[in-house]
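> model this:
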Amino acid sequence: MKIKPIHNENDYQQALDRLALIFDAQRGTATGDELEILSILIDNYEKDHFPIDMPDPIEAIKFRMEQLGMQQKDLAEVVGFKSRVSEILNKKRKLTLEMIRNISAALEIPTEVLVQNYEVA
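The predicted model follows:
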């Protein structure tokens, strides 16, 4: 097992290639340990070099509603009124703290996503 830090794109590609070769390694073996360490190094490199921004709060709500097969009337049960849901989804009204808590619990969207600032129309 020869593991080294990932400093550049070439190191990253080599790590990915090695990971693909040992992907099915058994835990508790030397190759399994190598797989675990390599996965951590790759994950750290990707977080530093390919960051993923948090989604827009309203787009996250729409996406999660679609995943759950929800309609606006279903979200109205979470935030109060159907007209309020329409205003929120069309970015005409900001989410309140209570709405954020309720939506987070009902749709299982992290509050970090919902509390982000966004422009209203």
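> what sits against the residue positioned nearest the centre of the chain?
With distances taken as Cα atoms, centre = their mean, residue 54 lies nearest the centre of the chain, 7.0 Å away. For residue 54, the contact set (Cβ atoms under 8 Å, 6 or more residues apart in numbering) comprises 112-113, 116. Yep, even glycine has a C-beta here, placed from its N, CA and C like the rest.
> next helix or strand past the helix or strand hosting residue 67?
Under DSSP states H and E, the secondary-structure element containing residue 67 is helix 57-68. Counting by DSSP H and E, the next helix or strand C-terminal to helix 57-68 is helix 72-79.
> for that next one, the distance to its chain's centre please.
Chain-centre distance of helix 72-79: 23 Å, with Cα atoms, centre = their mean, to the nearest Å.
> contacts for it?
Helix 72-79 is contacted from outside by 61, 65, 82, 84-86, 88-89, 99, 102-103, 106-107, using Cβ under 8 Å, 6+ apart.
> what's the answer for stretch 100-107, then?
Looking at what lies outside stretch 100-107 - Cβ under 8 Å, 6+ apart - the contacts are 61, 64-65, 68, 70, 75, 78-79, 95, 109-111, 114-115.
> redo those as CSV? Include neighbour count.
Listed next are these as CSV, based on neighbours: other Cβ atoms under 10 Å:
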residue, neighbour count
61, 25
64, 18
65, 19
68, 13
70, 17
75, 26
78, 16
79, 21
95, 19
109, 19
110, 10
111, 13
114, 21
115, 13
